[in-house]
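Visitor: starting from these lines, generate the structure:
(2 chains)
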Amino acid sequence: MSRLANTMQALKQAKRTALIPFITVGDPTPEFTLPLMHAMVAAGVDIIELGVPFSDPMADGPVIQAASERALEHHMGLRKVLDIAAEFRQTDQATPLVLMGYLNPIEIMGYQTFADKAGAADIDGVLTVDLPPEEAEECAALLKAKNIDTIFLLAPNSNAERVKKMDTIGSGYLYYVSVKGVTGAGHLDIADVEAKLAMIKANTALPIGVGFGVKDAVTAQAIAKVADGVVVGSALISKIAANLDNPEKAKQEIIELLTSMRQAMDS
Amino acid sequence: MTEKYTMPDERGHFGPYGGLFVAETLIEPIKELNAAYQHYLQDPEFIAELDADLQHYVGRPSPLYHAQRWSAALGGAQIYLKREDLNHTGAHKINNTIGQALLAKRMGKTRIIAETGAGQHGVATATIAARLGLECVIYMGAVDVKRQTLNVYRMKLLGARVVAVESGSKTLKDALNEALRDWVTNVDNTFYIIGTVAGPHPYPAMVRDFQTIIGREAKQQCLHQAGKLPNALVACVGGGSNAIGLFHPFIDDINVKMFGVEAAGDGIETGRHSAPLCAGRPGVLHGNRTYLMSDDDGEIIETHSISAGLDYPGVGPEHAWLKDIGRAEYVNITDTEALEGFYALTKMEGIIPALESSHAMAYTLKLAPTMPKDEIIIVSLSGRGDKDMHTMAEFEGIKI
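Guide: Here you go, the predicted model:
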């Protein structure tokens, strides 16, 4: 069983919901990321999604676009992201790491090379925004051989047939995007999410993480009641954008936000 | 090649290229679009409406003009120009926007969006939106907004909202990113009219099908006027819609050579160009796998061309396939050479071509003299140069 599946199962047994932060690696500087990862674990997060910077982040809103641009100023590409992940793993063997990004960096590296390198860096899951199940079989099989889960996004307009398809090719968890739109957009309708999750859960046994629109302890708590995982991204990255002259303060504010979410989710 | 060409397959693949590489939210609307497209393509009423519009609104068929003076001056093959510049709105783009807009109307969509580079696709989209009474938003890179002010003004006159995109390189690719973000947010009421033969399946095939009117007409006209098929076809390639429109009806005519002309900008060797087929590598962007300009990390490289319409790091997946199987040849023309083509056509034939089309003219300058006088080249004159007057005046140091 993968590290990701183990973590999800342990949380389920403890009747807790996974707190899953998303950060863009190398934002605002390459040195910022590793200490932040360790600090987030200390603040009680369960899984970390590492955003791989991309020049054309089509599914992201302005906040994560800007984060990608800041990271790319330091030439933070897929290869360096894998280096940072491997470095993290030297001192933390427990926390699952999920790479989240776009397909082209993986295409250019080559699927097999990517699977090898991600395996060597002890990556646990890969979520590729523009790689739906229709095109994912080859890459998913190569990752599976390295015990790496392929994680798919589900949208508000995904039907039961889609869920079943992802249940077949995907593993680890499924990530339900709670609003139609880009990251950081829109407002969350909890009743709507709850209804949708009922349909999803009827068609898959995989745990479901929910993201897009999780902004604070209140929304995290509400989502935690219905989902297996709560994903928060833009709200964290906003702290970096607001404190570009003072990264320590950004880190502190991120940790405070995650701590408040953790407390609200556990209460 | 003895078998009939039937690409793409049912999943939208042209060999390894094309496909459906999009975020999950777009899967359902794209399926809906594909179903509508497959249905209406067979619907006589839809086809009749499209044909009537192409005839009476666009002004088709566009002439196939024998450029005798230019041909004689070059001393080689006879050059025939397919006059897409004479279409309503001044370029081939409207062939496709009319088709997609009629589809949007039948699908009950009330809002259309589009990306644009040179502004020709934006103008063509705004035009048809005005005529059908649909809300219209055009995404355009901030750099392009500056260099194509006339077209921006035209779009605004036509009632479209033009959004200047400030992210990334602020050109066509970023306009596409922003249009995709809009679409994913407003999928319920919005139809995305992609302007070229790229994007997720079915766009590359659908846009092609709407643009093959160029090649179908040219074939008939050439047979009628010259009594035989052409020996070569030449068209500029950014995303590649005018080129595929001209090429596709000739693919099974294996003696007809095809030349797609990419923008070499300052020169391929400088790295400042927009020539993915000549100097790029396969990757995935904007919903399809194709040749791209990207670095070793897979980040998209900023492109350069004097013509905004060719300033794009990717190319339609069918061109990638035609390159790999050797059916079409892809060449490149620098900014400086394109200007030679621009002046040649303007001075020899009294036709001012768009800077995009000038790339095809420039390659014709090289190709025609190498061919005998009884052979024929059809060149796609994809658009007229009115929109480029500011760029040209600036280049010549004249204030207008």
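
Visitor: for the rest of this, base every contact and every neighbour count on C-alpha atoms.
Guide: Noted.

Visitor: okay, the closest residue to chain A within the stretch 101-250 of chain B: pLDDT?
Guide: Proximity of the stretch 101-250 of chain B to chain A (C-alpha to the nearest C-alpha) peaks at residue B:185, 3.8 Å away. pLDDT, residue B:185: 90.

Visitor: show me the contacts for it.
Guide: Contacts for residue B:185 (C-alpha atoms under 8 Å, 6 or more residues apart in numbering or on different chains) come out as A:180, A:181, A:182.

Visitor: nearest spatial neighbour of residue B:296, skipping sequence neighbours?
Guide: What sits nearest to residue B:296 in space, not counting adjacent residues and going by C-alpha to C-alpha, 6 or more residues apart in numbering or on different chains, is residue A:108, at 6.8 Å.

Visitor: count residues in the vicinity of the one you found, would you?
Guide: 20 (other C-alpha atoms under 10 Å in any protein chain shown).

Visitor: now the host helix or strand of it: average pLDDT?
Guide: Using DSSP states H and E, residue A:108 sits in helix A:103-109. For helix A:103-109, mean pLDDT is 98.

Visitor: helix or strand right after it?
Guide: That would be, after helix A:103-109 and using DSSP H and E, helix A:111-120.

Visitor: buried residues in the following helix or strand past that next one?
Guide: Once helix A:111-120 ends, the next helix or strand along the chain (criterion: DSSP H and E) is strand A:125-128. By 16 or more other C-alpha atoms under 10 Å in any protein chain shown, the buried positions in strand A:125-128 come out as A:125, A:126, A:127, A:128.

Visitor: for stretch B:102-110, same thing?
Guide: Quick answer for stretch B:102-110 (16+ other C-alpha under 10 Å): B:102, B:103, B:104, B:105, B:109, B:110.

Visitor: neighbouring contacts of the one helix or strand the fourth one maps to?
Guide: To tie it back to what came earlier, the one meant is residue B:105. Secondary structure assignment for residue B:105, by DSSP H and E: helix B:93-106. With C-alpha under 8 Å, 6+ apart as the test, helix B:93-106 has contacts from B:36-37, B:40, B:46, B:50, B:53-54, B:58, B:87-88, B:110, B:112, B:120-121, B:124-125, B:128-129, B:191, B:193, B:195, B:207, B:210-211, B:213, B:242.

Visitor: stretch A:53-62 too?
Guide: By C-alpha under 8 Å, 6+ apart, stretch A:53-62 touches A:24-25, A:65, A:67-69, A:71-72, A:76-78, A:101-102, A:105, A:129, A:181-185, B:23, B:168, B:174, B:177-178, B:180-181, B:184, B:286, B:298-300.

Visitor: and if you look at stretch A:1-17?
Guide: Contacts of stretch A:1-17 (C-alpha under 8 Å, 6+ apart): A:18, A:46-47, A:94-96, A:124-125, A:147-149, A:172-173, A:207, A:224, A:227-230, A:265-266.

Visitor: got the contact list for the residue most central in space within chain A?
Guide: The centroid of chain A falls nearest to residue A:49 when counting by C-alpha atoms, centre = their mean (3.3 Å). Residues near residue A:49 by C-alpha under 8 Å, 6+ apart: A:20, A:21, A:22, A:23, A:97, A:98, A:99, A:100.

Visitor: run through who's touching the helix or strand that the third one is a member of.
Guide: In other words, residue A:22. Residue A:22 is part of strand A:18-24, with elements assigned from DSSP H and E. Strand A:18-24 has contacts (C-alpha under 8 Å, 6+ apart) with A:8, A:11, A:44-53, A:64, A:67-68, A:71, A:209, A:228-234, A:236-237, A:262.

Visitor: can you list the strands that it pairs with?
Guide: Using DSSP bridges, strand A:18-24 pairs in its sheet with strand A:48-51 (parallel), strand A:229-232 (parallel).

Visitor: what are the buried residues along that strand?
Guide: Buried, per 16+ other C-alpha under 10 Å, within strand A:18-24: A:18, A:19, A:20, A:21, A:22, A:23, A:24.

Visitor: picking that back up, what subset of the contacts of stretch A:1-17 is buried?
Guide: Of those, these count as buried by 16+ other C-alpha under 10 Å: A:18, A:46-47, A:95-96, A:124-125, A:147-149, A:172-173, A:207, A:224, A:227-230, A:265.

Visitor: can you flag which of these belong to helices?
Guide: A:224, A:265 (DSSP state H).

Visitor: close to chain B: what parts of the stretch 101-250 of chain A are there?
Guide: A:103-109, A:129-132, A:134-135, A:153-158, A:180-182 (C-alpha under 8 Å from any C-alpha of the partner chain).

Visitor: now check stretch B:165-183, is it near chain A?
Guide: Yes. Using C-alpha under 8 Å from any C-alpha, stretch B:165-183 reaches chain A at B:168, B:174, B:177, B:178, B:180, B:181, B:182.

Visitor: got a markdown table for those residues, with secondary structure too?
Guide: Below are the residues of stretch B:165-183 next to chain A laid out as a markdown table (DSSP: H, G, I helix; E, B strand; the rest coil):
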| residue | secondary structure |
| --- | --- |
| B:168 | coil |
| B:174 | helix |
| B:177 | helix |
| B:178 | helix |
| B:180 | helix |
| B:181 | helix |
| B:182 | helix |
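
Visitor: ok, now which ones touch residue B:393?
Guide: B:399, B:400.

Visitor: now the host helix or strand of it - C-alpha only, PDB.
Guide: Element membership for residue B:393, per DSSP H and E: helix B:389-396. Coordinates of each C-alpha in helix B:389-396 appear next as PDB, following Å, rounded to 0.1, in the frame of the first residue of the first chain:
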ATOM      1  CA  MET B 389      -0.200  49.900 -41.600                       C
ATOM      2  CA  HIS B 390       0.900  51.200 -38.200                       C
ATOM      3  CA  THR B 391       3.600  48.500 -37.900                       C
ATOM      4  CA  MET B 392       4.800  49.200 -41.400                       C
ATOM      5  CA  ALA B 393       4.800  52.900 -41.000                       C
ATOM      6  CA  GLU B 394       6.800  52.500 -37.800                       C
ATOM      7  CA  PHE B 395       9.200  50.200 -39.600                       C
ATOM      8  CA  GLU B 396       9.700  52.800 -42.300                       C
END
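
Visitor: excluding chain neighbours, what is closest to residue 196?
Guide: Looking at chain A here, since you left the chain open. Per C-alpha to C-alpha, 6+ apart, closest to residue A:196 is residue A:156, 7.3 Å.

Visitor: I was after chain B.
Guide: Among residues not flanking residue B:196 along the chain, residue B:241 sits closest, at 5.0 Å (C-alpha to C-alpha, 6+ apart).
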